[in-house]
Structure formats: structure tokens, C-alpha cells
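In: Here is my input, please return the structure:
(one chain, ligands or ions: 1)
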Amino acid sequence: MKVVRSIEELRDQLRGQNRIAFVPTMGNLHAAHLSLMQMAHQHGDPVVASIFVNRLQFGPNEDFDKYPRTLQEDIDKLQRQNTVYVLFAPTEAEMYPEPQSYRVNPPHDLGDILEGEFRPGFFVGVTTVVLKLFSCVQPRVAVFGKKDYQQLMIVRNMCRQFALPTEIVAHETVREPDGLAMSSRNRFLSEAERKEAPRLFRVLNEVRDRLRAGDTDLPAIEHDAQRELAAAGWKVDYVSVRRQMDLKAPGAEQVAAGQALAVLAAAKLGATRLIDNLEV
Ligand code: PAF
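Out: Numbering: from 1, shown residues only. Okay, the predicted model is just below:
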């Protein structure tokens, strides 16, 4: 695996390649990331990964400085896995040599709801860096995890609207044996919080079970889910049932008619904010 730090070097390494499969990450790689790399390998060749902690997608009171940076460990993991051909690990000065004043604005009805409501500017930061990374790597395929459900949809829509030649492939959420979705932020959980954390997935399953059983009272379902988390000490941002196709809230008649739904949640356990979702 070649590790390249500059866009010029990256382009030199990838010249003439037209089946590149790309996995963008912010590093601190775990088993879920390695699974994305494997999936990329099934969709293209060579596999290119990136590690870049993107300041643009962090709010002023978020954990940009605290975000775990473990480049050498990440390189060792990728080398052991032997799937990635080039790892692009640019410095901030390489990605943003001047203030990034051109930005991609997702539409309000998708970018300012759910995660966008609680993390203003987050999706502008994501789409801007993803577009820039795509411009550097020029992938035919890029793999994104479903754990970041809204991000996946926004990136997919951006590619469609800009006619980017990159197909977005979704990878199922990878979970610990107790159901907790894998995330770089899990390492911030104390021992007691780690024991409590799988409740988020259990609550999502309870929501799904009620919907499957024919309950169409979404306000009551969401309220009960939030109350259960709050009672266990979580600070809940949202538990929300949405339509899979556009993340809009469904009407009761759509729920009853079996519309494809997803339940999305974000909540804080101590200082650590976790997100998860489940398709129904
Ligand atoms: O999902 C992530 O890790 C990040 O949002 C991404 C897509 C790498 C952009 O910085």
C-alpha cells in the first residue's frame, strides 16, 4: 500500500485507472471500516482509501480537536488487510490551502433536518469535502456506511444532481455482538456507558416492532422511545420515524400502507453523542 500525502502524488499513482473504488474516512479505523474496504474491493480495482479529519464538518463546540487521530495504527491495519492500494492522507494545508469559500449546500429539506438540525453546517462540510475528495480520487464507485444514513442519502443525491460519474454503494451498519453500531466515538465511552450504549439499538428495534405490528401512532411511538432513553440517563436529540426515500415524516396512512421507513436516532450518553438507525 502506498501512503500519499499530496494531491499531486495521488494523481500520479492513479493515472490511467478508471475502475477506482473509494472509501473516504476520518481514520481511527475499526472493523466496520475494514469491511467497507472489502466491499469496495468487490466493486472496483484499485481500492483507494482516504483519512482526513475534516474541520469543515465540525461545529465550534464539537470534538474536532478531540477526534482520535491514529494514522500509524490505521496504516498498520490497512497493511495487514492488504486490500487498499493507495491511502490518501492529506494534511489540512493540502486539502485547504486557502479558506474553502466555495461550498456545497445540500437542500434545506434534507440538510437541515435530523443531524442537520442538531449539527448546523455539518452536511455542508461533508458534501464539500466529499466533492473535493472525489475530484482528487475520481472514483467510479464509493462506499459509505448506512450508519450515517442521512449522509449516505445526501452524498448520493449530490452525485446525481452534479452528474458525478461516481456510483454510491451502501454498506450495512456493522455492529458489536451486543448490537452497538461500531463508531470511532465508542472509544470515548466509560465502562458503565459502554454497557448502557446498546440500549439505543434496542430502542430502535422496539420502534420497528411496533410499526411492524401495525401501530401507526408515530408521535406516541417516538415519545415512548425518547422517554425510555431519557429514563436511562440519555440526553436525546431525536428518535424519528421517516420515509426511506426522502427522510420526510410519513403520514399515518403511509405507515399503514407499508411505506418503506427508517427510524433514526441521536442521543448523548455522558459526553459522547451516538447515532444509529434501522430500516423498517
Ligand atoms: O463519514 C465520515 O467518516 C465522514 O463524514 C466523511 C464521509 C469521511 C467525510 O469527512
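
In: for the chain, what helix or strand is lowest in average pLDDT?
Out: Least confident helix or strand, the chain: helix 252-256 with a mean of 91, by mean pLDDT, DSSP states H and E.

In: Which secondary structure elements does that one sit against?
Out: Of the remaining helices and strands, none touches helix 252-256 by 3 or more C-beta pairs under 8 Å, 6 or more residues apart in numbering; DSSP states H and E. Glycine gets a C-beta too; all of them are placed from N, C-alpha and C.

In: Distance from the chain centre to that helix, please.
Out: Computed by C-alpha atoms, centre = their mean, to the nearest Å, the separation of helix 252-256 from the middle of its chain amounts to 28 Å.

In: next one: stretch 11-22
Out: From the chain centre to the centre of stretch 11-22 is a distance of 24 Å (C-alpha atoms, centre = their mean).

In: and what of stretch 195-214?
Out: The answer for stretch 195-214 is 20 Å, by C-alpha atoms, centre = their mean.

In: what's the answer for stretch 208-215, then?
Out: 26 Å.

In: what number of residues lie near Gln13?
Out: Around Gln13 there are 15 other residues, counting by other C-beta atoms under 10 Å.

In: my guess is it is in a helix, correct?
Out: Yes: applying DSSP: H, G, I helix; E, B strand; the rest coil, one finds Gln13 inside a helix.

In: pretty sure it contacts Ser6?
Out: No: here Gln13 does not reach Ser6: they are 10.5 Å apart, not a contact under C-beta atoms under 8 Å.

In: buried residues in stretch 236-256?
Out: Residues of stretch 236-256 classed as buried under the neighbour-count rule (16 or more other C-beta atoms under 10 Å) are Val236, Asp237, Tyr238, Val239, Ser240, Val241, Arg242, Arg243, Leu247, Pro250, Val255.

In: Can you report how many residues lie near the residue in the stretch 151-280 of the chain positioned nearest to the ligand?
Out: Nearest to the ligand in the stretch 151-280 of the chain, going by C-beta to the nearest ligand atom, is Gln151, at a distance of 5.8 Å. Neighbour count of Gln151, defined by other C-beta under 10 Å: 21.

In: And it, how close does it get to Phe144?
Out: Distance of Gln151 to Phe144, given as C-beta to C-beta, to the nearest Å: 7 Å.

In: same deal with Arg11?
Out: On the measure of C-beta to C-beta, Arg11 and Phe144 end up 23 Å apart.

In: What of Ile168?
Out: Applying C-beta to C-beta to Ile168 and Phe144 gives a distance of 6 Å.

In: Give me the pLDDT value at Thr127.
Out: Predicted confidence (pLDDT) for Thr127: 98.

In: what's near enough to touch it?
Out: Arg103, Val104, Asn105, Pro106, Ile154, Val155, Met158 (C-beta atoms under 8 Å, 6 or more residues apart in numbering).

In: Kindly indicate whether it is helix, strand or coil.
Out: Taking three-state DSSP, the label given to Thr127 is helix.

In: How many residues are close by the closest residue to it other than its chain neighbours?
Out: Leaving aside its chain neighbours, Thr127 sits nearest to Val104 (3.9 Å; criterion: C-beta to C-beta, 6 or more residues apart in numbering). Val104: 20 surrounding residues under other C-beta under 10 Å.
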